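In: here's my sequence, what's the structure:
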Amino acid sequence: MTDRKPLISGNWKMNHNHFEAIQMVQTLSYQLSSDDYTACDVSVHPPFTNLRSIQTVLESDHIPISLGAQHCHEEEKGAYTGEVSSGMLEKLNVKLVIVGHSERREIFNESNEQVNSKIKAIFKHSMTPILCVGETIEEREEGQAEIKVRAQLEEGLNGIGRERIGGMVIAYEPIWAIGTGVTATPEDAQSMCAYVRECVTSIAGKSASETVRIQYGGSVKPINAAELMSQKDIDGALVGGAALEADTFARIIQYRLH
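Out: Got it, this is the predicted structure:
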C-alpha cells in the first residue's frame, strides 16, 4: 500500500477580504510547527481577490502552505466576463484548484462535462485538481448515492491519463453535510471514500487508486477530524466554515495531537 500523505485544505468560499486573508494566514502560520507540515500537506483556497496577497505572504515568509483556488474557467482566455483562467492561476503559483464543488454544480449548474474540461485545463497548467463528488440527501435516501458519485467520477475523469488521475485529489462531500452542521459518521464517510477508490480502480487501474488522495468534506471540525482521518481510505479533509478561523483550522491540521 502506498503511503498517502494527508492533505488538509481550507475552502474559504466567498469570505475574507484581502486584509483579513493576510491576517488569517499569518496567524495560522504562527500556530503550526514544522512537525505539522511534516505530518500533512496544507492548502488554503481564498477568493480570487486574495490570491496575489496570499501568494506574497506565503513566499516572503517562507510558509510551507500551498496556495489554492476555488474555481477556474475551462478556456484559456476570451470574452468570459467575471471568469479566471487556469493559466492566470498558474502565474500566481497556485498549486491546487477545486473543481466541481457542489455549490458550483447546484447553484451555477456546472455539468460533469464542464468539470472534465476544467480538470484538463488545470493539468495543462501543471496544477493539481481537487475534484469534488457527492450526493444530495434525497439521492442518498433513494439508494442513488453510489450511482451519482460513479457518474461524476466517470464523466469527470473521461480522457484523463491514469498517471494524472493517480496524482490528483478527489474530495467526497455529501451535499447534505455541507454547511449544515451534520457530518457523515466516520463509518459512512469511510464507506463512500472506499467506494470512490474502487471507482478509480475501475477507471484508471489499481496503481492510480493507491496513490490518489481522497478527502472527506462536510462539516469537518476539530472535534471530529481525528476520527475521520483515522479511516483507511480518508487521506485528508476539505474544510469549509471551520477553515475561516486560524485557531480552528490549526486544530484540524493538528488532528493527530488530539
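In: what about stretch 85-105, start to end distance?
Out: Counting by CA to CA, to the nearest Å, you get 18 Å between the two ends of stretch 85-105.
In: work out the gap between it and the centre of the chain.
Out: 10 Å (CA atoms, centre = their mean, to the nearest Å).
In: ok, and the closest non-adjacent residue to P64?
Out: The shortest distance from P64 to any non-neighbouring residue, by CB to CB, 6 or more residues apart in numbering, is to Y37 (4.8 Å). Bear in mind the C-beta positions are built from the backbone N, C-alpha and C, glycine included.
In: for that neighbour, which three-state class applies?
Out: Classification of Y37 by DSSP: H, G, I helix; E, B strand; the rest coil places it in helix.
In: is it in contact with S66, as I believe?
Out: No. The pair Y37 / S66 is not scored as a contact, 10.5 Å apart, by CB atoms under 8 Å.
In: more crowded one of these two?
Out: Applying other CB atoms under 10 Å to Y37 and S66 shows that S66 carries more neighbours, namely 19 against 15.
In: strands along the stretch 1-150 of the chain, start to end?
Out: With DSSP state E, counting those that start in this stretch as the criterion, the stretch 1-150 of the chain has strands at 7-11, 41-45, 66-69, 96-99, 128-133.
In: OK, contacts around Q152?
Out: Taking CB atoms under 8 Å, 6 or more residues apart in numbering, we find Q152 in contact with 100, 112, 115, 131, 133-134.
In: now distance to M229, neighbour count and pLDDT too, for the residues you listed, in JSON lines please.
Out: Below are the contacts of Q152 laid out as JSON lines (distance: CB to CB, whole Å; neighbours: other CB atoms under 10 Å; pLDDT from 0 to 100):
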{"residue": "G100", "distance to M229": "23", "neighbour count": "26", "pLDDT": "97"}
{"residue": "N112", "distance to M229": "28", "neighbour count": "18", "pLDDT": "98"}
{"residue": "V115", "distance to M229": "26", "neighbour count": "25", "pLDDT": "98"}
{"residue": "L131", "distance to M229": "20", "neighbour count": "27", "pLDDT": "98"}
{"residue": "V133", "distance to M229": "19", "neighbour count": "25", "pLDDT": "97"}
{"residue": "G134", "distance to M229": "18", "neighbour count": "28", "pLDDT": "95"}
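In: so how far is M229 from K5?
Out: 12 Å (CB to CB, to the nearest Å).
In: how many residues are close by E90?
Out: 18.
In: that one contacts K124, doesn't it?
Out: No. Contact criterion CB under 8 Å: E90 and K124 do not qualify, at 9.0 Å.
In: next structured bit after the host helix or strand of S202?
Out: Secondary structure assignment for S202, by DSSP states H and E: helix 186-204. Moving toward the C-terminus from helix 186-204, the next helix or strand (DSSP H and E) is helix 206-211.
In: can you list the strands that the very next helix or strand once past that next one pairs with?
Out: Following helix 206-211 in sequence order, the next helix or strand is strand 213-217 (DSSP H and E). Strand pairing for strand 213-217, determined by DSSP bridges: strand 169-172 (parallel), strand 236-239 (parallel).
In: average pLDDT for strand 213-217?
Out: Per-residue pLDDT over strand 213-217 has a mean of 97.
In: Provide a list of residues in contact with E75.
Out: With contact taken as CB under 8 Å, 6+ apart, E75 is in contact with 83, 85, 121.
In: what do you get if the cut-off is 10 Å, keeping everything else the same?
Out: Contact partners of E75, counting by CB atoms under 10 Å, 6 or more residues apart in numbering, are 83, 85-87, 117-118, 121.
In: same check, this time on S230
Out: If a contact means CB under 10 Å, 6+ apart, then S230 has 186, 190, 255-256 as its contacts.
In: ramachandran coordinates for it?
Out: phi -80, psi -10 (degrees, to the nearest 10).
In: and if you look at the one 3 residues further on?
Out: D233 adopts backbone torsions of phi -110, psi 10, taken as degrees, to the nearest 10.
In: you'd agree it is up against E187?
Out: No. With the criterion set as CB atoms under 10 Å, D233 and E187 do not qualify as a contacting pair; they are 11.6 Å apart.
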